[in-house]
Every structure is written in structure tokens, then in C-alpha cells.
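J.: need a structure here:
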Amino acid sequence: MTKNIQLAMAPIAWTNDDMPELGKENTFEQTISEMALSGYTGTEIGNKYPRDPKVLHRYLDIRGLKVASAWFSAFLTTKPFEETAKAFIEHRDFLHAMGAKVIVVAEQGHSIQGMMDQPVFDKKPSFTDEEWDKLSEGLEKLGDLAHQKDMEIVYHHHMGTGVQTTEEIDRLMASTDPKKVKLLFDTGHLVFSGEDPVAIFNKYQDRIEHIHFKDIREVVVGEVKSKKMSFLNAVKSGAFTVPGDGMIDFKPIWEAIDASGYEGWIVVEAEQDPAKANPFEYAVKARTYINEVTGL
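T.: Sure, this is the predicted structure:
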């Protein structure tokens, strides 16, 4: 059994940062209290979380929660590097003060993930060679900035962005220094895109330093494709769910993770409409399933 793995829960199940109308009634304190009650020891950061580390520590410490990481939107392909770097340093320093070791980075240049009217499959962006160079060089610079605080960046491949498919992940990994740019492994986004998660994990296990466990509802994903739905409408329709509630068999994925000796966080993340999928109920469902599969 792999040691030194901790389980976290993402707050997006309670309140969606991209669509704040989903879960607007759920408070920050309810969110973290239900996470802790569900048996998780960590959280990622949502928009309702206090940004003062001292204040946030006070809320989390008494619930036995730590900060695993938080999302950072980079615009390395579309804006001057200095703009991204300035925002990144502020984000890095906040996460460092919260004790996090990794920073989740996703390139949002040309991204359609936040657009309600763009079909997530048909309009997915592709980078030019020049943009790939900007992305690779920029990520390495962000990696250097992270190293100043003894932290690492973990790149989040994501639906509706320029790094989504196996080919795109391969190109990013090949064009960046393994010492400076690590990878986030997200089961849901890989399966949604049509990729093989076990193959991706085995290929890049030496660079994977953060994991998201997310499941997919196969019927909804079929509708997303046939009806040419956007990423946000896919979320609202229930494309994502927690491990144990969808189509993904996590047993072979866990076997690969366990055999690799991975250490770090596994974050349960499933952006759903909390009015349709009670966040506490689904957090418990995921925690039970993960225990059955992994023994964690």
C-alpha cells in the first residue's frame, strides 16, 4: 500500500466558481464543515474562502483540514508574460502561507471552458507552434518562480483548452523541463476527452505530483457530443460526478497509482449542480467508494 497519500475535497461541489449561481446558498463554513464530516483532510480553494492566511488557517485548523492546492489561470499564449507572472507570484505566496506544496496551473489563452455558447468538442482551441513555444517557456519560468518557495507547478490538462488530448499532453511534456513543469492527473477530464487514463498515468508517473479523482456520466457525455453542448452546459447537465457514481472503474487506476509509489494529494472533484446532487451526500458516497477501492 502506498503511504503518504492524503484525500481532499474540492469546494466546487458546493459552489461553482465559474457559475456562482450554482450553490450560491451554500456558505463557506458549511462547505468546509461538511468536507471534514465526510472524512477528508484537505481542501482546494474556492471563491468564498478568506484570502487572509491567518483567517483561513483558523477556520481550517479546527476542522482538521489542510490546503492541497488551488487553481491558477495562466494566459501565456495571449498576454505578456509579466502579467501572468505578477498574478502567479501573489497566488504562490498565498498558497505557500497555507502550507501547500503544489500550484495547479492551466493555460486559459483561447480557452472555451468558460463560454456558455461554444461546443466543447467542436470549438476546442489548438495552439500554433509559436503559442506552444510561449506556453512551454512561460511554464518553465513559472516553475522557477515556484521553486523560490520550494513548490512545484502541476499542469492541469482540461476540457475546452489547448492542452486536453493525449497528443497535446505529450507535446507539453516533451517541450518542457521535467524538473520545472509537473503534471496534474485528472481522471474525469481524460475520460471525458476520450483518452486512456491508465496509459497517461503510467507514461508520466514520474512527473505526476497532484491527482484529481472525478467520474463521468456516460449518457450525459454522449448528449454533450450529439447536442454540441458547451463545457458549462455539460456541467449543468451532470456530465461530472464523484468516483463510484459514473462510468470510470477506479480499480486499475488505483493499482497504477499504488504501484508507482505516488505521494501527495488525491482531490475528489466533481462540479455538479448542488440542487441536483447534494454535496454532502456525494462527498460521503465518494469517500466510501475510495475506501473500498484503495483502503485509504
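
J.: Locate Val224 within the secondary structure: which element?
T.: Using DSSP states H and E, Val224 falls within helix 218-226.

J.: tell me which residues in the next helix or strand after that helix are buried?
T.: Per DSSP H and E, the first helix or strand lying C-terminal to helix 218-226 is helix 231-237. Neighbour counts over helix 231-237 (16 or more other Cβ atoms under 10 Å) mark Phe231, Leu232, Asn233, Ala234, Val235, Lys236, Ser237 as buried. Heads up, the C-betas are built off the backbone N, CA and C, glycines and all.

J.: next one: stretch 24-44
T.: Buried residues in stretch 24-44 (16+ other Cβ under 10 Å): 26, 28, 30-36, 38-44.

J.: Please state the offset of that stretch from the chain centre?
T.: Stretch 24-44 sits 17 Å away from the centroid of its parent chain (Cα atoms, centre = their mean, to the nearest Å).

J.: and if you look at stretch 38-54?
T.: Chain-centre distance of stretch 38-54: 14 Å, with Cα atoms, centre = their mean.

J.: Pull the CA coordinates from that stretch and hand them back as PDB.
T.: What follows is stretch 38-54, C-alpha atoms only, in PDB (Å, rounded to 0.1, in the frame of the first residue of the first chain):
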ATOM      1  CA  SER A  38     -17.200  13.400   5.200                       C
ATOM      2  CA  GLY A  39     -13.800  12.200   6.200                       C
ATOM      3  CA  TYR A  40     -11.500  14.300   4.100                       C
ATOM      4  CA  THR A  41      -8.300  16.000   5.500                       C
ATOM      5  CA  GLY A  42      -7.800  18.600   2.800                       C
ATOM      6  CA  THR A  43      -9.400  21.100   0.500                       C
ATOM      7  CA  GLU A  44      -8.700  23.200  -2.500                       C
ATOM      8  CA  ILE A  45      -9.600  26.900  -2.600                       C
ATOM      9  CA  GLY A  46     -12.900  28.300  -3.700                       C
ATOM     10  CA  ASN A  47     -14.100  31.900  -4.300                       C
ATOM     11  CA  LYS A  48     -15.800  32.100  -0.900                       C
ATOM     12  CA  TYR A  49     -12.700  31.200   1.000                       C
ATOM     13  CA  PRO A  50     -11.000  34.000   3.000                       C
ATOM     14  CA  ARG A  51      -7.800  35.200   1.300                       C
ATOM     15  CA  ASP A  52      -6.100  36.100   4.600                       C
ATOM     16  CA  PRO A  53      -3.900  33.100   5.500                       C
ATOM     17  CA  LYS A  54      -4.300  33.700   9.200                       C
END
